[in-house]
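Peer 1: Pasting the sequence and the predicted coordinates here, then a few questions.
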Amino acid sequence: MAQSSVRIVSELHDDPHIEGRRVTVRRIRGLVEGAGKSAEEVAAQLDLDVADVYGALEYYHSHPEEMAAAERRRAEREATARESGAVSVAELTREDE
């Protein structure tokens, strides 16, 4: 089996991301598998190599426990922020209308 040359690290808010970039594995997965964009489109949008996109997707699917834990931490941070009165960008935009 071939080894990916993309290095995924987790020092940024405990959310796995491409080393040297603030682009998270979760975001890449959301764009490709959630929004239906091609790996090439995502690579162009985020100024990445296509190999970075595929590497992030491979990492997401080969580390399900780590990705689930990262999602739980994100949800907990979001809940804490909401309890403190934070609102989403969408809510702020609606308030401006």
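Peer 2: That came in fine, so what should we check first?
Peer 1: List the buried residues in the longest helix belonging to the chain.
Peer 2: Ranked by residue count and defined by DSSP state H, the top helix of the chain is helix 64-83. Under the neighbour-count criterion of 16 or more other Cβ atoms under 10 Å, helix 64-83 has 66-67, 70 buried. Any C-beta I mention is one placed from the backbone N, CA and C, and that applies to glycine too.
Peer 1: which strands and helices sit next to it?
Peer 2: Other elements packing on helix 64-83 under the criterion 3 or more Cβ pairs under 8 Å, 6 or more residues apart in numbering; DSSP states H and E are helix 25-29.
Peer 1: for the helix it packs on, packing partners?
Peer 2: helix 50-62, helix 64-83.
Peer 1: any chance of those in a markdown table, with distance to I18 and mean pLDDT too?
Peer 2: As requested, the helices and strands packed on helix 25-29 are arranged in a markdown table below (distance: least, Cβ to Cβ, whole Å; pLDDT from 0 to 100):
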| stretch | distance to I18 | mean pLDDT |
| --- | --- | --- |
| helix 50-62 | 6 | 96 |
| helix 64-83 | 14 | 91 |
